[in-house]
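> sharing a model that was predicted from the sequence below.
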Amino acid sequence: MSQSTAHHVEGRVQLAARPPVRVKGKADPVVHYQALGFRKARRAELSRQWEEPLVDRQEELAQIRHALEEVTAGEGRVIVVHGEAGIGKSRLVMEEIERVRQRGLTVLTTACLSYGQDTPYLPWSELLRALMEIPEEGEPAVRLERLRAGMERIGAGEWAPVIGEMLGLPVEETPLTASLTPRLRQQRLFDLTLALIRQRAVPPGLVLVIEDAHWADEASLALLDYLARNLREVPIGLLVVHRPDERLDDRWRELPHSLYVLVEELPSLAVQEMITHLLEGGEAPESLLRLIQEKAQGNPLFAEEMVRALKEGGALRRDNGRWSLDARLSEEQIPDTVHGLLQSRIDRLAETDRRVLQVAACIGQSFSARILTGVYPYGGPADTLSRSLERLTSLGWTTLDPLSSPPTYFFRHTLTREVAYESLAYRRRRELHRRIGEFIERERGEGLPRPYNLLAYHFYQGQVWDKAADYALRAGEVARHEYANEAAVAQFRRALEAAEEGARSGLELTPARLQAHEGLADVLAVVGEYDRALEHYAAARELVESWPPGDERARRLADLCRRTAEVYERKSEYDAALQWLQKGLGVLGREEFLEAARIYRLGAGIYHRLGQNDQAIAWCQRSLQIASACEDPGKHRTLAHLYFLMAEIYRRYGDLEEAVRYARQSVKAYQALRDLFGASQAYNTLGNVYFELGEWSEAARFYRQGMEIKEKVGDVYGQAVIANNLGEVLLYQGDLEAALQVYERSLKIWERLGATFGIAVLHNNLAAVHIRSREWEDAWNHLRCSLELFKEIKVEDWLPEVYRHMAEAAAGLGRVDDALAYAAASLEMARKYKMQLEEGIAARVLGDVYHQLGREEWALQELEGSLKLLETLDSPYETARTHLALARFHADMGRKEEARSHLIQAVEIFQQLGAGLDLEEARRLEV
């Protein structure tokens, strides 16, 4: 069948994409599909079954409808529907969803769970399984084949391990994925998810519904942020439903393609209409309407549950077709909250039905009949559960997925599940969680991936402390690997609490406690919670110090000292960091272990940051000696990092030949490790060194090699950085058109990432290109954006350059007084931050402005000061530009000999560097 036919039937028919074939009348090969049979329904493709009509939501419905009409027109929209619990958000959304489904749009829904807030990407995993037709259960080989097929459709087959990890499908790492850092792995996950969604967003469009987003984990919200920024020109609707939540209330409001729909209480007439329907068309007694209006306050769920509770309790009865409310019923007998109403209904259920509802609530928002049967502790006839589930569904507690096998049920409202769960006695709740955890273990069997987060949750709630600690540690490691740091912290904390509870119960869980403290410290350091990280490192050291003396104890303590030092380095407390490194060397005793090499490497970096490059090089050399001599297999990665650091140190030290040597060694070392990310970083450093050597063509070659790897591994952040460096080379070479293209590419990447700092830098750099092109207005507009963004994020060390460019642009526009103010501000800030290169350039610009104002003595003083400073910094290009400025100054003053002397020096340097545009400018100067 054709792609258009496949699009309309894929919700109910299992399809297989076939290779493209040529068809008469079509210029390009056509993708076609083979029908394999009917398939099971998926949670992500189902909507809740609503019996009640939607009342008095015309305005809100019109807003959503208009936004989704724009989706069918090819525009992406973010639609946020928010309001209090039970106010009718989901009912409103599903009304419109059913309409757009009938119009041919693909709709996938998912929900965040209250007990899934520590599981990274939980709602997205459900959507991605739906996008790639991967069943939640079944043969692993079938599921893996679906994953690979889905990835191949977007041309990303070798990236399957990244998506597989999110879905709990183990795929062997490829050379590309094996070298990804956690941060880069997350970015690649975001890119791949966007590509998978784009691939399914064929006309008339795709709608993704995310319910209960107030329970989303932070990693899921970060992915949602990324998608929301990058779907503007694709027919995709992101429909987010949530209760009031500080994290979400205005999260996407500034996006031009966002729509916020607030769902508020129903007016009294609408509530009356809803009650009439609930009473099957019968007239509602006035006393009932008054009571509901007083209690429900326009909340439709409250009103509905009141009617159900009154009917089930016998207070609301129908006699001879007329409804009446028991006159003896007092207002005080009706609970004041929807929670109270739901609890009163649960209390009135038959014992078996109440037990089934509570056990199901312990399982989760959705549950299969199989797991319910497997964990139900009360016994009874064989058909007990099926009959009870039928009754619960008829009473409006649950909804059956009619196409699922085995049968799967959902709680009709999240509040229903919450209240049913809370109604369980703590002892019974613990027992059920234990049984559920054990059932999942049995179902997964040996050798199959297990849902660590879910197992950790159930065993923790069931107080099976050793298993809770074990699974939480595993879940924490997975979250850390996915760069889902908040989830990792939550899991490591759960592991620590379980291990400590277990220890108090007499279990030996010291290894788990140590691993939890270390995991917490590592991740807290990454997210900037430095003091808390130090507390956990201290606790870890205390545990290790209780070990018997020996090499294992010494090496572990030394490593903890080094990691403690890393935290102090991040806090910029360098003296404390160096003290901890010395402590690490002290506890190690002998410097023959790899831990010593790592300590010296970290210390070298700290000394380098402090400007003590002699000491930095000495520590590098000591690290190199130890790492080279030891037998530890981890030494090769340490050496690669060390070569990279030494290249950077020698570059800053001014010994560019040594910098080249070590940069080349780091490239080779990373390549031997198949560490593509490390190799790309080393190529960038090589480019930087050759740029400073004035060998711009070589610099551009290495930047391009680094860029090629960055593109291959999907490091968009790294691509933006290298594009920025390459743009500078092209700018200096005078290829302004190429520089403009590279900078614009970099700007698009930063905007896609939402990285304000990068966006600010690129506006500044684009201004520099326009200045060289004498396009003053364009330059000024970019500089205004750059300055505003840098001030917004409180970054000041870039302001000297921005102000310098503003001085040049203002001078070009004829606003010489403004140019003078900006040039003076640039020079002042450069001196404040001890940025000598920037100081020398700013002095030249200030001299040019003084010359334009006719203040010749001041102009000459600034220009000569610029030349003197730049010559000491070994900056040939900027030195040559100041020679040219002096040549121009002396020529204007009629001093031809001085002008000629400076011009000759400028031309010689420009020729050596290949600075074509500057060379042309110099040759046009007549002296």
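Looks like it arrived, so ask away.

> against Phe593, how distant is Val523?
As judged by C-beta to C-beta, to the nearest Å, Val523 and Phe593 stand 26 Å apart. (Glycine included, C-beta is placed from N, CA and C.)

> who has more neighbours, the two?
Val523 (27 against 20; other C-beta atoms under 10 Å).

> tell me the SS of that one?
helix (DSSP: H, G, I helix; E, B strand; the rest coil).

> next, count neighbours for the closest residue to it other than its chain neighbours.
Closest residue in space to Val523, ignoring its immediate chain neighbours: Ala488 at 4.7 Å, by C-beta to C-beta, 6 or more residues apart in numbering. Counted with other C-beta under 10 Å, the burial measure for Ala488 works out to 29 neighbours.

> try Asn320
Going by other C-beta under 10 Å, the residues that sit close to Asn320 add up to 4.

> do Pro549 as well
Pro549: 7 neighbours (other C-beta under 10 Å).

> how about Leu594?
That count, for Leu594 with other C-beta under 10 Å as the rule, works out to 21.

> what are the boundaries of the strands in the stretch 251-400 of the chain?
Here the stretch 251-400 of the chain has its strands, by DSSP state E, counting those that start in this stretch, at 258-262, 316-319, 322-325, 366-368, 398-401.

> try the stretch 51-200 of the chain
Under DSSP E, counting those that start in this stretch, the stretch 51-200 of the chain gives strands at 77-82, 106-111.

> mean pLDDT lowest for which of those strands?
Comparing mean pLDDT across the strands of the stretch 51-200 of the chain, the weakest is strand 106-111, with a mean of 94.

> pull the CA atoms of it into CSV?
The C-alpha trace of strand 106-111 is given here as CSV (Å, rounded to 0.1, in the frame of the first residue of the first chain):
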residue,chain,number,x,y,z
THR,A,106,-2.0,11.0,14.0
VAL,A,107,-2.5,11.4,17.8
LEU,A,108,-0.2,9.8,20.4
THR,A,109,-0.9,10.3,24.1
THR,A,110,1.2,9.6,27.2
ALA,A,111,1.0,10.5,30.8
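
> which strands and helices sit next to it?
helix 89-102, helix 122-131, strand 206-211 (3 or more C-beta pairs under 8 Å, 6 or more residues apart in numbering; DSSP states H and E).

> domain parsing for the chain?
By the assignment in automatic domain parsing, the chain contains the domains 1-39, 56-262, 268-343, 350-424, 452-697.

> export these to CSV and append columns for distance to Ala859.
Shown next, in CSV, are those (distance: least, C-beta to C-beta, whole Å):
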stretch, distance to Ala859
domain 1-39, 65
domain 56-262, 46
domain 268-343, 74
domain 350-424, 73
domain 452-697, 28
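
> which sections of this structure are below the confidence cut-off?
Scanning the chain for pLDDT under 70 picks out the ranges 1-52, 445-449, 927.

> circling back: now for the residue nearest to Val523: which residues touch it?
Gly476, Glu477, Ala479, Arg480, Gly519, Val523 (C-beta atoms under 8 Å, 6 or more residues apart in numbering).

> ok, and the most crowded of the residues you listed?
Gly476 (31 neighbours).

> surely that residue is in contact with His517?
No - if you go by C-beta atoms under 8 Å, Gly476 and His517 don't touch, sitting 11.6 Å apart.

> what helix or strand does Ala459 sit in?
Ala isn't right for residue 459; it's Phe. Element membership for Phe459, per DSSP states H and E: helix 452-461.

> and what of Asn781?
Per DSSP H and E: helix 776-792 holds Asn781.

> then Leu239?
With DSSP H and E as criterion, Leu239 is part of strand 236-242.

> show me what that strand is in contact with.
With C-beta under 8 Å, 6+ apart, strand 236-242 has contacts from 64, 67-68, 71, 76-82, 89-90, 93, 97, 197-198, 201, 205-214, 224, 227-228, 231, 248, 252.

> what about Tyr409, which SS state?
strand.

> isn't it right next to Thr398, touching?
Yes - with contacts counted by C-beta under 8 Å, Tyr409 reaches Thr398, the gap being 4.7 Å.

> who touches both of those two?
Joint contacts of Tyr409 and Thr398 (C-beta under 8 Å, 6+ apart) are Ala360, Leu389.

> returning to what we had before: among the contacts of strand 236-242, name the buried ones.
64, 67-68, 71, 76-82, 89-90, 93, 97, 197-198, 201, 205-214, 224, 227-228, 231, 248, 252 (16 or more other C-beta atoms under 10 Å).

> hang on, the earlier thing: just give me how far the helix holding Asn781 sits from the chain centre.
The chain centre lies 28 Å from the centre of helix 776-792; the measure is C-alpha atoms, centre = their mean, to the nearest Å.

> try stretch 396-407
For stretch 396-407, the distance to the chain centre is 34 Å (C-alpha atoms, centre = their mean).

> start and end of that stretch, how far apart?
17 Å (C-alpha to C-alpha, to the nearest Å).

> would you mark the buried spots in that stretch?
For stretch 396-407, by 16+ other C-beta under 10 Å, it's Gly396, Trp397, Thr398, Thr399, Leu400, Asp401, Ser404, Pro407.

> need those residues in a markdown table (columns: distance to Val241).
Output for the buried residues of stretch 396-407, formatted as a markdown table (distance: C-beta to C-beta, whole Å):
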| residue | distance to Val241 |
| --- | --- |
| Gly396 | 20 |
| Trp397 | 21 |
| Thr398 | 20 |
| Thr399 | 17 |
| Leu400 | 22 |
| Asp401 | 20 |
| Ser404 | 23 |
| Pro407 | 26 |
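
> which of the residues you listed sit farthest apart?
Gly396 and Ser404 (19.3 Å; C-beta to C-beta).

> which strand or helix spans the most centrally placed residue in the chain?
The chain has Ala222 as the residue nearest its centroid, 3.9 Å off, counting by C-alpha atoms, centre = their mean. Here Ala222 sits within helix 218-229, counting by DSSP H and E.

> re earlier: may I see the buried residues of the helix holding Asn781?
Going by 16+ other C-beta under 10 Å, helix 776-792 has these buried residues: Trp776, Asp778, Ala779, Trp780, Asn781, His782, Leu783, Cys785, Ser786, Leu787, Leu789, Phe790.

> what does stretch 671-681 give?
Quick answer for stretch 671-681 (16+ other C-beta under 10 Å): Leu673, Asp675, Leu676, Phe677, Gly678, Ala679, Ser680, Gln681.

> same question for stretch 263-274.
Those would be Val263, Glu265, Leu266, Ala270, Val271, Gln272, Glu273, Met274, for stretch 263-274 by 16+ other C-beta under 10 Å.

> circling back: a markdown table please, covering the buried residues of helix 776-792 and showing distance to Gln582.
Listed next are the buried residues of helix 776-792 as a markdown table, based on distance: C-beta to C-beta, whole Å:
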| residue | distance to Gln582 |
| --- | --- |
| Trp776 | 56 |
| Asp778 | 55 |
| Ala779 | 51 |
| Trp780 | 53 |
| Asn781 | 53 |
| His782 | 48 |
| Leu783 | 47 |
| Cys785 | 47 |
| Ser786 | 43 |
| Leu787 | 44 |
| Leu789 | 42 |
| Phe790 | 39 |
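
> which residues does Ile97 contact?
Ile97 touches Ser47, Val107, Thr109, Val207, Val209, Leu239, counting by C-beta under 8 Å, 6+ apart.

> what is the neighbour count of the third one?
Taking other C-beta under 10 Å as the neighbour definition, Thr109 ends up with a count of 26.

> that one contacts Glu211, correct?
Yes - assessed by C-beta under 8 Å, Thr109 is found in contact with Glu211 at 6.7 Å.
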